[in-house]
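> Next comes the sequence, and after it the predicted model I'd like to discuss.
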Amino acid sequence: MKISIVQMNSQGDKAANIAAAKDLVAEAAKDDPDLIVLPEYWALLGDTPADFHASAEEFPDGEAYSTMTDLAREHEVTLHGGSIVERAGNKFYNTTVVFGPHGGEIARYRKIHLFDVDVPGGVSHRESATIAPGSDIVTYQCKGRMVGCAICYDIRFPELFRALRDRGAEVIVLPAAFTLMTGKDHWEVLARARAIETQTHFVAVGQYGSHAGGRKACFGHSMVIDPWGHVTTQMGDHVGHATGTLNHEYRDRVRQNVPVHNHHVL
């Protein structure tokens with residue numbers, strides 16, 4: 001199973017971000033992957049709640065949604081659509097939508113854990129001022145394998161990932177816009193920990209670089225991690241894509257040799 005990870009530097013211009021995503025997905029598709037993954041808030045990485053709300057779409061309407069449908073169908077690939085802002089009634093969600101190779105929606109996950117923190121250096125983030133939390137644990141099938149969904153700040157809550165593992169996840173995908181300040185110390189450590197404890201292939205796909213007029217920055221360093229916790233594919237400080245191959249036989253051996261799934265007592 002081949003997975004292409006797309007690292008973006010989305011800004012406040014939705015049309016420009018969509019155009020960039022089209023080009024990046026087209027380049028990634030040349031590697032003939034089974035799954036292409038976009039980062040969190042790929043269609044617009046705004047500065048204020050008003051920015052995010054203005055970009056929201058009521059599915060299945062909306063330019064970002066239709067773009068993902070078209071890209072999946074055009075390239076005959078499963079497209080894990082990072083996340084975009086979904087409007088449902090009077091609520092807004094940070095939502096992953098996944099599309100199968102024929103362009104139809106096959107999964108939808110609303111981010112459960114919202115990023116409300118005061119980052120060292122004086123920058124505050126209040127995602128709850130913009131977004132409502134989801135509640136459902138979501139998986140889907142790709143190439144005959146079970147894939148689990150999570151988004152960014154979810155990575156700090158291992159109980160979600162155990163739940164995905166218990167539901168049969170063999171691969172877990174986490175699109176993100178991880179901040180530079182926390183990312184440089186925690187991004188890889190947390191992602192490798194989630195891979196090790198769930199014994200899954202862990203795919204962490206981030207935004208990279210400054211946004212919001214230079215007032216905020218994302219860490220990037222998107223990567224694919226194997227079930228033993230080794231980083232097998234990683235991107236550097238740039239926009240683009242990388243493609244990694246998942247070895248499911250290796251995952252089965254890891255689970256057989258260290259059968260933690262048989263030893264849970266809580």
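Right, received. Where do you want to start?
> Just the C-alpha atoms of the worst-scoring helix or strand of the chain on mean pLDDT, please, in PDB.
Lowest by mean pLDDT, DSSP states H and E among the helices and strands of the chain is strand 123-126, with a mean of 74. Output of strand 123-126 as PDB, limited to C-alpha atoms (Å, rounded to 0.1, in the frame of the first residue of the first chain):
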ATOM      1  CA  VAL A 123       0.500  33.300  21.500                       C
ATOM      2  CA  SER A 124      -2.900  32.000  22.400                       C
ATOM      3  CA  HIS A 125      -5.000  29.600  20.300                       C
ATOM      4  CA  ARG A 126      -8.800  29.200  21.000                       C
END
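> Return the set of buried residues in it.
Across strand 123-126, burial judged by 16 or more other Cβ atoms under 10 Å covers residue 125. For every residue, glycine as well, the C-beta is placed using N, CA and C.
> for it, packing partners?
Applying 3 or more Cβ pairs under 8 Å, 6 or more residues apart in numbering; DSSP states H and E, we find strand 123-126 packed against strand 116-119.
> pLDDT averaged over the strand it packs on, what's the number?
The pLDDT scores in strand 116-119 average 76.
> In the sheet, which strands lie alongside that strand, parallel or antiparallel?
strand 123-126 (antiparallel) (DSSP bridges).
> I'd like the next helix or strand past the strand it pairs with.
Toward the C-terminus, strand 123-126 is succeeded by strand 139-142 as the next helix or strand (DSSP states H and E).
> Outside of that following strand itself, list whatever touches it.
1, 34-35, 78, 98, 106-107, 146-149, 164, 167-169, 171 (Cβ atoms under 8 Å, 6 or more residues apart in numbering).
> Please spell out which residues along it are buried.
Buried residues in strand 139-142 (16+ other Cβ under 10 Å): 139-140, 142.
> so, if you compare those residues, which one comes nearest to residue 52?
Of all the buried residues of strand 139-142, residue 140 has the smallest distance to residue 52: 25.2 Å, by Cβ to Cβ.
> Mind checking what secondary structure the closest residue to that closest one other than its chain neighbours has?
Spatial nearest neighbour of residue 140, chain neighbours left out: residue 107 (3.7 Å); criterion: Cβ to Cβ, 6 or more residues apart in numbering. Three-state assignment for residue 107 (DSSP: H, G, I helix; E, B strand; the rest coil): strand.
> list the contacts for residue 107?
Taking Cβ under 8 Å, 6+ apart, one finds 96-98, 138-140, 149 in contact with residue 107.
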